[in-house]
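Chemist: for reference, the sequence and a predicted model appear below.
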Amino acid sequence: MTENKKLLIIEDNMERCHDLKTIFEFIGESCLETSSKDWKNVLLESEQYVGVLLGSLDEYHSVAELINEIIAVDETMPVILLDDVPMSGGISNKLSQQIVGRIEWPLKHNQVLEAIHSCQYCRDNQHAFNEHNKSLELFRSMVGKSNAMQGIRRLIEQVATTDASVLILGESGTGKEVAARNLHYLSNRSDKPFVPINCGAIPGELLESELFGHEKGAFTGALTARKGRFELAQGGTIFLDEIGDMPLPMQVKLLRVLQERTFERVGSNQSIKCDVRIIAATHRHLETEVKENRFREDLFYRLNVFPIEMPALKNRAEDIPLLINELVARLENDKRGSVRLSPNAIQSLMQCDWPGNVRELANLIERLCILYPYGVVDIKDLPSEYQKNDGVDSYPQPNLADRRSRISKEKEEDKAPRAAPAPITNLPENGVNLKEFVAKLEISYIELALAEEDWVVARAAKRLGMRRTTLVEKMRKYDLQKAS
C-alpha cells in the first residue's frame with residue numbers, strides 16, 4: 001500500500017489550528033500545521049503533501065495572493081478553503097481550478113472526506129489536473145492508490161494523445177469502458193464524439209448495419225438511410241466493447257476498415273473515409289481465441305497495438321476503502337441516500353473475491369443505502385457472502401445494547417488489580433478547593449494514559465474507560481497536546 005501524504009494546514013488562529021489538527025488526526029488523516037508567515041519553509045518538499053487547507057491568513061490581503069504563491073512552488077497542489085475565508089479581490093478562473101473543495105466550520109464529516117478525496121484524485125492524476133479545461137469527474141471513476149491503478153493511469157496518460165489503437169483487457173466489471181472514456185477525454189479528439197457499441201449485445205446479422213449504417217431499401221425494413229456508429233464517431237473515438245464476441249464475418253470487414261480507413265454503408269458502393277480512433281475491449285483471452293480459430297489473428301495484432309489490462313478488484317483490495325467513499329459520495333450527490341461502513345465491515349469487504357469487481361461493489365453499496373439509510377453498517381449487517389471474520393475484531397456494542405452483558409464485563413474488570421490513589425485520611429488545615437483538585441487529578445491521569453499509549457487517542461480513551469469523543473473534548477478543554 002502506498003504511503004499516505006500529509007495535509008498542510010495554513011491557519012493563523014492557533015486555537016482553531018490545534019482543533020483542525022486534532023480532528024484530522026482523529027479521523028486518520030496525517031497533517032502538519034503552520035502559519036501564513038512560515039508556510040514556505042514547510043512546503044519545500046511539496047511532493048509529501050496531498051493538499052493545502054487555508055484558514056485565517058493574517059499575512060495576506062487576499063487568499064488569491066497566497067494561492068498564487070503556492071502555485072509558484074507546486075502548480076499541481078490542490079487547495080481546500082474553510083468557508084469563512086474572506087474572498088476579497090475575487091478568484092480568477094485559473095485559480096478556481098486550484099480549489100478542489102470548500103468545507104464549513106465547524107467541520108462536517110462528509111465534506112471533509114470529499115475534500116480529502118478530491119485532493120487524492122488530483123495528486124494521483126497530475127496529468128489530468130494540469131489540463132485545466134478537463135474535468136476530473138471521469139478520473140473519479142478510477143479511484144485507487146494501489147500500484148496497479150497508478151500504472152493504469154500512467155499508461156492512459158502515455159497513449160491518450162496518440163491515435164494508436166488500444167485494446168483494453170480485464171474481467172467483467174473492472175471498468176474497461178471507464179478507461180476508454182478517459183482515453184478519449186484526455187486525447188486531442190475530446191471535442192469530438194465518443195461512440196460506444198457492445199459487439200456481443202447485437203445479433204450478427206444486424207451488427208454490420210449498426211457499425212457502418214445502411215441505405216434506404218438495403219434490406220427489408222430499411223425505410224430510410226441511416227448512419228452507422230463509425231460515421232457518428234467521425235473525428236472522435238469508437239469503443240468496440242466485447243470485441244471477442246464479434247462474429248468472424250464481421251471481423252473481416254472491421255479489419256478492412258482498420259487497414260484502408262474506408263467503409264461502405266450496407267446497400268451502397270460509395271466509400272466513406274473514416275477518421276476514427278479505435279479502442280476495443282474484451283473479457284476474453286484473445287490469444288486463446290486465436291488458437292481456437294474463433295478470432296482472426298491479423299485483426300488481433302491490428303487491435304493490440306497498445307494493450308491495457310485492468311486489474312481485478314481482488315488484486316487491489318487496498319483501493320476498496322477509497323472506492324466505497326467515492327460510491328457513497330455519488331449516491332449522496334444524486335440524492336439517492338447515504339450509508340457509512342464500520343472499519344470491521346470495510347476490513348471484511350477487503351477479504352472478498354469480488355467476481356463482479358467494481359460493478360459488484362457498487363451494487364452492494366447501493367443495496368446497503370436502501371437497507372440502512374444514513375446508518376452505520378457493521379460486519380454483521382453485511383450479506384452473509386461478504387462476512388469474512390478472519391483477523392476482524394468484533395465491533396464494540398452501542399452503550400445501550402445488552403446491558404446485562406456490559407455490567408457483567410465491568411464487574412470482571414473491577415476484580416482485576418489496578419493502581420488506585422492513596423486513601424486520604426484527613427484534609428489540609430486550610431481546606432481544599434475540590435473542583436481544582438479534581439481537575440488536576442483528571443489532567444494527570446489523561447496525560448499519563450496518553451503518554452503510555454504514545455498519544456493514540458482511541459487507545460488512551462479505552463485505558464481511561466471513556467469514549468474517544470469525550471477524551472478529545474477534555475484534551476481541548478485542558479489544552480493538552482503532544483510536545484513537538
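Modeler: Good, I have the coordinates.
Chemist: pull out the buried residues from stretch 11-27.
Modeler: Buried residues in stretch 11-27, counted by 16 or more other Cβ atoms under 10 Å: Glu11, Asp12, Arg16, Cys17, His18, Asp19, Leu20, Lys21, Thr22, Ile23, Phe24. Backbone N, C-alpha and C define where each C-beta goes, glycine included.
Chemist: and which of these is nearest to Arg463?
Modeler: Using Cβ to Cβ, Thr22 is the member of these that lies nearest Arg463, at 18.4 Å.
Chemist: and the helix ranked longest in the chain, what does it pack against?
Modeler: Identified as the longest helix of the chain according to DSSP state H is helix 434-452. Judged by 3 or more Cβ pairs under 8 Å, 6 or more residues apart in numbering; DSSP states H and E, helix 434-452 is in contact with helix 457-464, helix 468-477.
Chemist: helices - which of the buried residues of stretch 11-27 land there?
Modeler: Judged by DSSP H, these include Arg16, Cys17, His18, Asp19, Leu20, Lys21, Thr22, Ile23, Phe24 as members of helices.
Chemist: following the helix or strand of the chain with the lowest mean pLDDT, which helix or strand shows up next?
Modeler: Using mean pLDDT, DSSP states H and E, helix 126-130 stands out as the lowest-scoring helix or strand of the chain, at a mean of 48. Counting by DSSP states H and E, the next helix or strand C-terminal to helix 126-130 is helix 147-160.
Chemist: let me know the pLDDT of Leu113.
Modeler: At Leu113, the pLDDT value in this model is 74.
Chemist: in which helix or strand would I find it?
Modeler: Going by DSSP H and E, Leu113 is in helix 109-124.
Chemist: still on that earlier bit, tell me how far the longest helix of the chain lies from the chain's centre.
Modeler: Its chain's C-alpha centre and that of helix 434-452 lie 41 Å apart, by Cα atoms, centre = their mean, to the nearest Å.
Chemist: and the contacts of that helix?
Modeler: Outside helix 434-452, the residues that touch it by Cβ atoms under 8 Å, 6 or more residues apart in numbering are Pro421, Val457, Ala460, Arg463, Leu464, Leu471, Lys474, Met475, Tyr478, Leu480, Lys482.
Chemist: over to stretch 212-223?
Modeler: Under Cβ under 8 Å, 6+ apart, the answer for stretch 212-223 is 209, 224-228, 230-231, 253, 263-268.
Chemist: mean confidence for that stretch?
Modeler: The model assigns stretch 212-223 a mean pLDDT of 82.
Chemist: pull out the buried residues from it.
Modeler: Phe212, Gly213, His214, Glu215, Ala218.
Chemist: how far away is the nearest residue to Leu186 once chain neighbours are set aside from Gly465?
Modeler: Leaving aside its chain neighbours, Leu186 sits nearest to Ala160 (3.9 Å; criterion: Cβ to Cβ, 6 or more residues apart in numbering). According to Cβ to Cβ, to the nearest Å, Ala160 stands 56 Å off from Gly465.
Chemist: more neighbours: the two, which one.
Modeler: Ala160 (20 against 10; other Cβ atoms under 10 Å).
Chemist: which residues are in contact with the more buried one?
Modeler: Taking Cβ under 8 Å, 6+ apart as the test, what Ala160 contacts is Asn182, Leu183, Leu186, Ser187.
Chemist: before we move on, back to that, reformat the ones in helices among the buried residues of stretch 11-27 as CSV; add pLDDT and distance to Glu287.
Modeler: Converted to CSV, these look like this (pLDDT from 0 to 100; distance: Cβ to Cβ, whole Å):
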residue, pLDDT, distance to Glu287
Arg16, 92, 60
Cys17, 91, 58
His18, 90, 60
Asp19, 89, 58
Leu20, 91, 54
Lys21, 89, 54
Thr22, 87, 56
Ile23, 87, 53
Phe24, 85, 49
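Chemist: can I get these in a markdown table with distance to Pro78?
Modeler: Output for those, formatted as a markdown table (distance: Cβ to Cβ, whole Å):
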| residue | distance to Pro78 |
| --- | --- |
| Arg16 | 21 |
| Cys17 | 19 |
| His18 | 23 |
| Asp19 | 22 |
| Leu20 | 17 |
| Lys21 | 19 |
| Thr22 | 22 |
| Ile23 | 19 |
| Phe24 | 15 |
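Chemist: between the residues you listed, which sits nearest His109?
Modeler: Using Cβ to Cβ, those come closest to His109 at Ile23, 9.5 Å.
Chemist: the closest one - nearest residue in space that isn't next to it in sequence?
Modeler: Looking at Ile23 with Cβ to Cβ, 6+ apart, the closest residue is Leu107, at 5.8 Å.
Chemist: can you check Asp275 too?
Modeler: That would be Gly235: by Cβ to Cβ, 6+ apart, it lies 5.6 Å from Asp275.
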